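Engineer: build me a structure from this.
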Amino acid sequence: MKLGVIADDFTGATDIAGFLVENGLATLQLSGIPDSAVLPQADALVVSLKSRSCPADEAVVSSLAALAWLREQGCDRIYQKYCSTFDSTAHGNIGPVTDALLEALGSDFTLICPSLPVNGRTVYQGNLFVDRTPLAESGMRHHPLTPMTDSNLLRLMDAQGRGRTGLVPFNTIAAGPAAIAAALTTLREDGYRYAVVDTLTEQHLLDIAAAVRDWPLVTGGSGLAIGLARILGKGQAETARASGHPQPGRCAILSGSCSQMTNRQVAHYRTLAPSQALSVEACLTDPAYPARLADWLLSQGEGPAPLLYATTTPETLSEIQRQYGAQAASDAVETCFAAVARLLVAAGVSNLIIAGGETSSRVTQALGLSAFHIGPQIAPGVPWVRAIGSPLSLALKSGNFGDEHFFSYGPGGMAMSEQALR
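Structural biologist: Okay, here's the model as predicted:
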């Protein structure tokens with residue numbers, strides 16, 4: 001087993017699994033820690049947790065359990081995966097989980113690398129940028145669970161962790177793997193516990209990966225996985241993704257994310273295909289509502305895949321949360337999506353495209369899916385996955401991933417319809 005990944009949410013796990021496969025590592029994604037270790041053969045295992053926004057002590061417990069299981073499967077290299085926008089509060093959960101994993105592995109130093117340049121996430125002088133905008137000035141500033149009000153990764157880690165954070169700056173990164181390895185060694189010898197690495201290009205990720213390829217623990221977004229997979233997988237991408245290609249059959253789109261990009265994607269797709277907005281009030285008060293929604297989705301025939309969405313603007317979301325309560329509204333919407341998904345699959349829908357980490361997690365749990373083959377990417381960080389032991393294929397999209405045409409085009413630019421999936 002070449003790599004074991006502990007991911008803090010479901011779409012984050014799918015994100016990194018997609019990059020591992022695209023760069024040569026046959027990968028299985030697991031929803032939580034499986035009861036049985038009997039799994040198809042793979043080069044890498046990705047365990048998806050729900051540890052991004054839960055209390056820090058819960059995140060630590062679940063992450064340590066995932067670590068123990070991965071080590072039992074023979075994983076000597078561990079990758080702590082978090083979002084490329086470093087989603088966390090002033091108290092965690094990234095820092096506490098990193099410290100716990102370091103201690104369990106008997107190590108005292110690791111890497112902090114959220115960069116994903118292909119999706120506009122870069123680090124310069126220790127500051128994280130989203131599409132050339134400092135993190136604290138991006139849409140993440142208004143995130144309902146993990147608002148990011150500081151762009152500086154060194155300050156963020158110093159506030160969360162149990163040690164000091166150093167920086168490997170751009171000019172050192174640009175000098176290549178040997179210079180990076182030397183700088184990391186110096187930071188460790190000087191008593192630093194974490195090293196933030198400036199990263200502006202994919203080549204930087206490849207060079208950083210070469211410098212840390214055999215570390216017991218690295219942490220980051222999915223970008224660093226590109227370099228590690230190319231080193232460990234020897235470029236056998238087509239073989240790695242063969243098991244995860246989408247299935248022929250009907251397709252439906254369920255969008256629960258309220259991110260800026262998903263708002264743009266929904267707005268664009270509504271001009272092209274049948275769509276219906278979810279009513280929070282109906283989710284809360286009408287037990288028959290999921291069945292009516294499923295009937296509507298199934299009635300749309302074989303044209304472009306129909307869209308059901310709870311996606312809305314930050315202003316409208318704030319009003320919904322004020323009116324119904326943030327947690328009650330969220331639970332009702334996700335429960336409704338899960339019920340709709342069960343009805344669709346029971347009626348023979350074989351492909352689901354889902355936007356939003358919480359929506360993806362709730363739907364896969366409701367469908368009883370626990371393990372997935374990873375297939376080709378629709379967009380960077382968003383692969384098709386095929387459920388093990390089921391004819392169902394899914395695309396599970398993190399809120400801000402993909403461009404505004406994401407729902408319209410899949411592998412090779414195909415329209416999301418039954419005919420295209422054939």
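
Engineer: let me see the mean pLDDT of stretch 293-312.
Structural biologist: In this model, stretch 293-312 has an average pLDDT of 92.

Engineer: what's the span of it from first residue to last?
Structural biologist: 18 Å (CA to CA, to the nearest Å).

Engineer: which parts of it are buried?
Structural biologist: Buried residues in stretch 293-312, defined by neighbour count with 16 or more other CB atoms under 10 Å: 293-294, 297-298, 300, 304-312. C-beta: built from backbone N, CA, C; applies to glycine.

Engineer: and that stretch, how far out from the chain middle?
Structural biologist: Between the centre of stretch 293-312 and the centre of its chain there are 24 Å (CA atoms, centre = their mean, to the nearest Å).

Engineer: okay, now the sheet partners of the helix or strand containing residue 28, with direction.
Structural biologist: According to DSSP states H and E, residue 28 maps onto strand 27-31. Using DSSP bridges, strand 27-31 pairs in its sheet with strand 44-48 (parallel), strand 371-379 (antiparallel).

Engineer: pick the most buried one from these.
Structural biologist: Greatest average neighbour count among these goes to strand 44-48 (a mean of 28), per mean count of other CB atoms under 10 Å.

Engineer: across the sheet, point out what pairs with residue 165.
Structural biologist: residue 194.

Engineer: so how many other residues sit close to it?
Structural biologist: 23 (other CB atoms under 10 Å).

Engineer: that one contacts residue 152, correct?
Structural biologist: No. Shown here, residue 165 and residue 152 do not form a contact pair, counting by CB atoms under 8 Å, at 9.6 Å.

Engineer: between the strands paired with strand 27-31, which gets the lowest average pLDDT?
Structural biologist: strand 371-379 (a mean of 88).

Engineer: how far off centre is that one?
Structural biologist: Its chain's C-alpha centre and that of strand 371-379 lie 12 Å apart, by CA atoms, centre = their mean.

Engineer: show me the helices in the stretch 151-300 of the chain, by range?
Structural biologist: Assigned by DSSP state H, counting those that start in this stretch, the stretch 151-300 of the chain shows helices spanning 153-160, 170-173, 177-189, 202-212, 223-233, 237-241, 260-270, 280-285, 289-298.

Engineer: out of those helices, which gets nearest to residue 119?
Structural biologist: helix 223-233 (8.3 Å; CB to CB).

Engineer: now what about the closest one, what contacts it?
Structural biologist: Helix 223-233 has contacts (CB atoms under 8 Å, 6 or more residues apart in numbering) with 2-3, 5, 16, 19-26, 43-44, 77, 79, 81, 84, 111, 113-118, 121, 199, 202, 205-210, 213, 218, 240.

Engineer: just to revisit the earlier point, tell me the most buried of the helices of the stretch 151-300 of the chain?
Structural biologist: Sort these by mean neighbour count, taking mean count of other CB under 10 Å, and helix 223-233 sits at the top with a mean of 25.

Engineer: how far is it from where the chain is centred?
Structural biologist: On CA atoms, centre = their mean, the centre of helix 223-233 falls 17 Å from that of its chain.

Engineer: mind giving me the domain split of the protein?
Structural biologist: Following the TED database, one finds the domains of the chain at 3-242, 245-408.

Engineer: circling back: now tabulate the helices of the stretch 151-300 of the chain in CSV and tack on distance to residue 63.
Structural biologist: Formatted as CSV, these follow (distance: least, CB to CB, whole Å):
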stretch, distance to residue 63
helix 153-160, 14
helix 170-173, 28
helix 177-189, 23
helix 202-212, 20
helix 223-233, 18
helix 237-241, 26
helix 260-270, 27
helix 280-285, 32
helix 289-298, 33
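
Engineer: lowest average confidence across those helices, which one?
Structural biologist: Lowest mean pLDDT within these: helix 237-241, a mean of 58.

Engineer: CA atoms only for stretch 185-200, dumped as CSV, please.
Structural biologist: This file holds the C-alpha atoms of stretch 185-200, laid out as CSV (Å, rounded to 0.1, in the frame of the first residue of the first chain):
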residue,chain,number,x,y,z
THR,A,185,15.7,20.2,7.5
THR,A,186,16.9,23.6,8.8
LEU,A,187,13.4,24.5,10.1
ARG,A,188,13.2,21.2,11.9
GLU,A,189,16.6,21.6,13.5
ASP,A,190,15.6,25.2,14.6
GLY,A,191,12.7,23.8,16.6
TYR,A,192,9.8,24.5,14.2
ARG,A,193,6.9,21.9,14.2
TYR,A,194,5.2,22.9,10.9
ALA,A,195,6.5,24.2,7.6
VAL,A,196,4.3,26.3,5.3
VAL,A,197,5.5,26.1,1.7
ASP,A,198,5.0,28.8,-0.9
THR,A,199,3.4,27.2,-4.0
LEU,A,200,2.4,29.0,-7.2
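
Engineer: strands along the stretch 1-150 of the chain, start to end?
Structural biologist: Secondary structure of the stretch 1-150 of the chain, counting by DSSP state E, counting those that start in this stretch: strands at 3-7, 27-31, 44-48, 78-81, 110-113, 121-124, 127-130, 133-134.

Engineer: give me the residues contacting the second one.
Structural biologist: By CB under 8 Å, 6+ apart, the residues outside strand 27-31 that reach it are 10, 13-14, 17, 20-21, 39-40, 42-48, 240, 361, 364-365, 369-374, 385, 388.

Engineer: just the angle between it and strand 3-7, please?
Structural biologist: Angle between the axes of strand 27-31 and strand 3-7 is 30 degrees (criterion: axes from the mean of the first three to the mean of the last three CA atoms, to 10 degrees).

Engineer: what distance separates strand 27-31 from the centre of its chain?
Structural biologist: For strand 27-31 - counting by CA atoms, centre = their mean - the centre lies 12 Å from the chain centre.

Engineer: any idea of the mean pLDDT in it?
Structural biologist: So the average pLDDT for strand 27-31 ends up being 92.

Engineer: same question for the fourth one.
Structural biologist: Taken as a whole, strand 78-81 has an average pLDDT of 98.

Engineer: ok now stretch 278-295, how far from the chain's centre?
Structural biologist: Distance, centroid of stretch 278-295 to centroid of chain: 28 Å (CA atoms, centre = their mean).

Engineer: do me a favour and get the end-to-end distance for it?
Structural biologist: Note: stretch 278-295 ends 14 Å apart using CA to CA.

Engineer: so which residue is dead centre in this protein?
Structural biologist: Central residue of the chain (CA atoms, centre = their mean): residue 12, 1.4 Å from the mean position.

Engineer: I'd say it and residue 48 touch.
Structural biologist: Yes. The criterion here is CB under 8 Å, and residue 12 meets it with residue 48 at 7.2 Å.
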